[in-house]
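Novice: how would this look folded up:
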Amino acid sequence: MKKRRIVLGVMGILLLGAWLARVIWFNSTYPDVTRMTYSMGEMVALEKDVIDYSSMEGYEVQVENAKIWEYEDFVKYYQVSEEIRNEVEVIDPMGAPERVYDIEITLKMWAVQAARQMELPSWIGGCRRTLPGAADNA
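Specialist: Numbering: from 1, shown residues only. All right, here's what the predicted structure looks like:
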């Protein structure tokens, strides 16, 4: 019985050591993502996405306004229907969030070709947006 405890203890320590070695190797092999901070209102080129490698070249984004809302205040201000509120609870089993981060952005496409259609990435799909025509994006 005592031998079994010792063997299990040693195996646990070896397993923990192997896991720790892997974490140290991974963190030294793969560098951290470069973080850049921009001022509110500054126009920033989106360029190439380092997560899914899609290209957003020719697009610029500008954060016009940002505000953290209590969820209930957000729902009242934007008059969110009960139907949509129920969808949030179906989609997210944890229910509605305590707070909502409301961001107003301007998305500008400055490199427009005549025959090219404006294709927005999927992360913009759920946003309220006003998109001017291609001729207005000079």
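Novice: any idea how far the lengthiest strand in the chain is from the chain center?
Specialist: Taking DSSP state E as the criterion, the chain has its longest strand at strand 55-70. Taking C-alpha atoms, centre = their mean, to the nearest Å, one finds strand 55-70 lying 12 Å from the centre of the chain it belongs to.
Novice: Sheet partners, orientation included, of that strand?
Specialist: Using DSSP bridges, the strands paired with strand 55-70 are strand 43-48 (antiparallel), strand 99-109 (antiparallel).
Novice: what does it rub up against?
Specialist: With contacts defined as C-beta atoms under 8 Å, 6 or more residues apart in numbering, strand 55-70 is touched by 38, 40-49, 77, 98-112, 121. To be clear about C-beta, it is placed using only N, CA and C from the backbone, and glycine gets the same treatment.
Novice: Output the contacting helices and strands for the helix or strand just after that strand.
Specialist: Downstream of strand 55-70, the next assigned helix or strand under DSSP states H and E is helix 71-77. Packed against helix 71-77, as judged by 3 or more C-beta pairs under 8 Å, 6 or more residues apart in numbering; DSSP states H and E, are the following elements: strand 99-109.
Novice: list the buried ones in the strand it packs on?
Specialist: 100, 107, 108, 109 (16 or more other C-beta atoms under 10 Å).
Novice: ok, the residues you listed vs residue 12, which is closest?
Specialist: Minimum distance to residue 12 across the buried residues of strand 99-109 is 44.0 Å, recorded for residue 100 (C-beta to C-beta).
Novice: Please name the residues that touch the closest one.
Specialist: Per C-beta under 8 Å, 6+ apart, neighbours of residue 100: 68, 69, 70, 71, 74.
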